[in-house]
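In: next one to model:
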Amino acid sequence: MNRSHPSMPQGPKTVGSIADASLLDYPFSADECEIVEFRLDGLLKNLQQVRDVLIKLKSSPLQTLITARCTTEGGLAQLSTEQRCQLIGGLSPLATFVDIELANLEEMQSAADQARANGALVIASFHDFKKTPSTDFLRDKIRQAIDLGADMVKMAVHHNNVEDMYRCASLLQEGQPIATSLMGMGSLAPVSRVLYSQLGSLLNYGYLGGKETAPGQWPASLLSQAIRASKRF
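Out: Predicted structure coming up:
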């Protein structure tokens, strides 16, 4: 992990996520989000256009993030480990961040190493679309990310009640030895995402266009406004 990396966020940032090829012509703006995420699993037929957009954004104030998920990770395509490594490795020279599921990070270490060699930061991510695991379980995921050499850890969990949100807020307030992003999914997601940004969650995901890419996302423009209007705790 490298907190001194010039691309490492020093405060909460809004990530605008796209997984639909119709959005590759989107008028990306730093007023709407600071980072654009490309869900490659939803853009497999448009990789050349993705490359062209990444090249274009290189000369803009925006940062970029790429990820390629298989269906078991909430992805939009059934991709093998080798296919995901090729996708991420091939486009990592043009990306600021690459996101690899924590459970697959060891197996995809070649892609992570290639991304680092190309100057990108590696995000180890964990998703639970049904529940919020225990605090000890989430602490263990953070330790795993550190042990595997990730620069950042991202955890997206489903909140079924306010207690779930309270535990995650407390986890952020502990302070972590790695740059951390945490977000809720479900009916409490909108509230949790603003609160967690106030508590230090660095990457805070919304969607561009008219369709969310995860349950409970804000439109990126509204999330960005809310984060900018909120004071850090």
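In: tell me where the protein has strands.
Out: Under the criterion DSSP state E, the chain contains strands at 13-18, 35-39, 63-67, 97-101, 121-128, 152-158, 179-185, 203-207, 218-219.
In: residues contacting the nearest residue in space to residue 94 that is not next to it in sequence?
Out: Leaving aside its sequence neighbours, residue 94 sits nearest to residue 54 (CB to CB, 6 or more residues apart in numbering; 3.8 Å). In short, each C-beta sits where N, CA and C put it, glycine included. By CB atoms under 8 Å, 6 or more residues apart in numbering, the contact list for residue 54 reads 38, 64, 66, 91, 94, 95.
In: and if you look at residue 106?
Out: By CB under 8 Å, 6+ apart, the neighbours of residue 106 are residue 148.
In: angles on the backbone of it, please.
Out: Dihedral angles of residue 106 (phi, psi; degrees, to the nearest 10) stand at phi -60, psi -40.
In: one more: residue 215?
Out: Here residue 215 shows phi and psi, under degrees, to the nearest 10, equal to phi -60, psi 130.
In: and it, how far is that from residue 178?
Out: Per CB to CB, to the nearest Å, residue 215 is found 25 Å from residue 178.
In: I figured residue 112 hits residue 100, correct?
Out: Yes: using CB atoms under 8 Å, residue 112 is in contact with residue 100, at 6.0 Å.
In: between these two, which contacts overlap?
Out: residue 122.
In: for the protein, what spans make up the helices?
Out: Using DSSP state H, the helices found in the chain span residues 47-58, 81-91, 102-105, 109-117, 135-147, 162-174, 189-198, 220-229.
In: what lies in contact with the last one?
Out: Taking CB under 8 Å, 6+ apart as the criterion, the residues outside helix 220-229 that touch it are 12, 14-17, 31-34, 193-194, 197, 204-208, 217-218.
In: check the fifth one too.
Out: Contacts of helix 135-147 with the rest of the structure, by CB under 8 Å, 6+ apart, involve 1, 102, 105, 124, 126, 152-153, 155, 157, 167-168, 170-171, 176-178, 180.
In: which of these are buried, as a PyMOL select command?
Out: The PyMOL command for the buried members of the contacts of helix 135-147 (criterion: 16 or more other CB atoms under 10 Å) is given here:
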select buried, resi 1+102+105+124+126+152+153+155+157+167+168+171+176+180
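In: can you flag the weakest of the strands of the chain by average pLDDT?
Out: For these, the weakest mean pLDDT is recorded on strand 218-219, namely a mean of 89.
In: tell me what that one is packed against?
Out: For strand 218-219, the packing partners by 3 or more CB pairs under 8 Å, 6 or more residues apart in numbering; DSSP states H and E come out as strand 203-207.
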